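J.: With the input below, show me the fold.
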Amino acid sequence: MSFTAQTEIHQTSLGGSRKMNTSTVADIELLVAKAECLLALGQYHAALRDFNLALEIDKNDARIFASRAVLYIRTGDYSKPLRT
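T.: Below is the predicted model:
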């Protein structure tokens, strides 16, 4: 697979298939990596912002939801991981 900007990655979700180009995937990966670093540093508000931005791009990425749930658990907000 070529890693150029024209490369499209097909993801299947409940709503059917959709396409994301590699720059979109890279944006998600960058946001999640940054959010996870911020989470590790205890900067919860900034981490939450980046997790939410990543979810705006891909609402079906379970990894982002799981990481965000860890954030809510660390802040003691045990009910929020149950909501989307």
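J.: Looking at this structure, which helix is longest?
T.: helix 22-40 (DSSP state H).
J.: now the nearest residue to A46 once chain neighbours are set aside: how far from L48?
T.: Once flanking residues are discounted, A46 sits nearest to L38: 4.7 Å by Cβ to Cβ, 6 or more residues apart in numbering. In short, each C-beta sits where N, CA and C put it, glycine included. Applying Cβ to Cβ, to the nearest Å, the value for L38 to L48 is 9 Å.
J.: Ok, A26 next?
T.: Distance from A26 to L48, by Cβ to Cβ: 21 Å.
J.: who's more crowded, the two?
T.: L48 (18 against 13; other Cβ atoms under 10 Å).
J.: Please name the nearest non-neighbouring residue to that one.
T.: Going by Cβ to Cβ, 6+ apart, L48 has L71 as its nearest residue, at 5.9 Å.
J.: List the buried residues for the next helix or strand after the longest helix of the chain?
T.: Where DSSP states H and E defines the elements, the next helix or strand beyond helix 22-40 is helix 44-57. By neighbour count with 16 or more other Cβ atoms under 10 Å, helix 44-57 contains the buried residues A47, L48, D50, F51, L53, A54, L55.
J.: gap between helix 44-57 and the chain center?
T.: 7 Å (Cα atoms, centre = their mean, to the nearest Å).
J.: pLDDT wise, what is S23 at?
T.: Among the per-residue scores, S23 holds a pLDDT of 75.
J.: So it versus V32, what's the distance?
T.: In terms of Cβ to Cβ, S23 sits 15 Å off from V32.
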